[in-house]
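**Student:** how would this look folded up:
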Amino acid sequence: MGLLTPLAVKIGAISWMPKALPQIEKWDSRLQRFTSGRVSVLDIAGLPNLMLRVPGRKSGAIRSTPLLCVPHEGGWLIAGSYFGAQKMPVWVLNLRATEKAEIVVDRETVPVAWREISGAERARLWDVMVRTWPNFTLYEKRTDREIPVFALTRR
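**Tutor:** Reported below is the predicted structural model:
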């Protein structure tokens, strides 16, 4: 965690953040392109992150999404929280529709296998994720949908 992490947690708790997320993602993608992948919004906030790359389920074109992640047991955990919006993030639908996925983490491109976590294991890993990003608890309260949790491992 970094010096700006407490500020990021406060900003992440703002109720209108789901509406701003598309603009934040666009700005973050531009920042990463401009810095050749060296800096992201989440880096500035001092939070662990990765860029998920999966083919679009309709177009097949590779879609890149910057995500907060939680390094865990040699892999990564990610959640389809979308700041607690009712709408499921598109990247979740794309991931569920493919076996082919890769991430960029620490400027390294890594092919990954993924699995969606459920039941008691999800509850246990959700607690792990909340320790990194406390707002996940808030996001869970904002939405009626169960926020999906995925485990990514190197292929």
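**Student:** centroid residue for this protein?
**Tutor:** The structure's the chain has its C-alpha centroid closest to Leu67; by Cα atoms, centre = their mean the separation is 2.8 Å.
**Student:** dihedrals phi and psi, Trp27?
**Tutor:** Phi and psi for Trp27, reported as degrees, to the nearest 10, are phi -60, psi -40.
**Student:** how near is it to Pro66?
**Tutor:** Here the distance between Trp27 and Pro66 works out to 10 Å (Cβ to Cβ, to the nearest Å). All C-beta spots, glycine's among them, are computed from the backbone N, C-alpha and C.
**Student:** am I right that the residue nearest to the centre of the chain is in a strand?
**Tutor:** Yes: assignment of Leu67 by DSSP: H, G, I helix; E, B strand; the rest coil places it within a strand.
**Student:** the top strand by length along the chain: how far from the chain's middle?
**Tutor:** Taking DSSP state E as the criterion, the chain has its longest strand at strand 108-117. Mean-position distance between strand 108-117 and its chain equals 12 Å (Cα atoms, centre = their mean, to the nearest Å).
**Student:** flag every buried residue along stretch 131-140.
**Tutor:** Residues of stretch 131-140 classed as buried: Thr132, Trp133, Asn135, Phe136, Leu138, Tyr139, Glu140 (neighbour count, 16 or more other Cβ atoms under 10 Å).
**Student:** near Val149, how many other residues are there?
**Tutor:** A count of neighbours around Val149, defined by other Cβ atoms under 10 Å, yields 23.
**Student:** per-residue confidence for the closest residue in space to it that isn't next to it in sequence?
**Tutor:** Leaving out its chain neighbours, the residue that sits closest to Val149 by Cβ to Cβ, 6 or more residues apart in numbering is Ile117, at 4.5 Å. In this prediction, Ile117 carries a pLDDT score of 98.
**Student:** pLDDT weak spots in this protein?
**Tutor:** Counting by pLDDT under 70, the low-confidence segments of the chain come to 1.
**Student:** related to what we said a few turns ago, in terms of neighbours, single out the busier of Trp27 and Pro66.
**Tutor:** For Trp27 and Pro66, the more surrounded residue by other Cβ under 10 Å is Pro66, and the numbers stand at 21 against 12.
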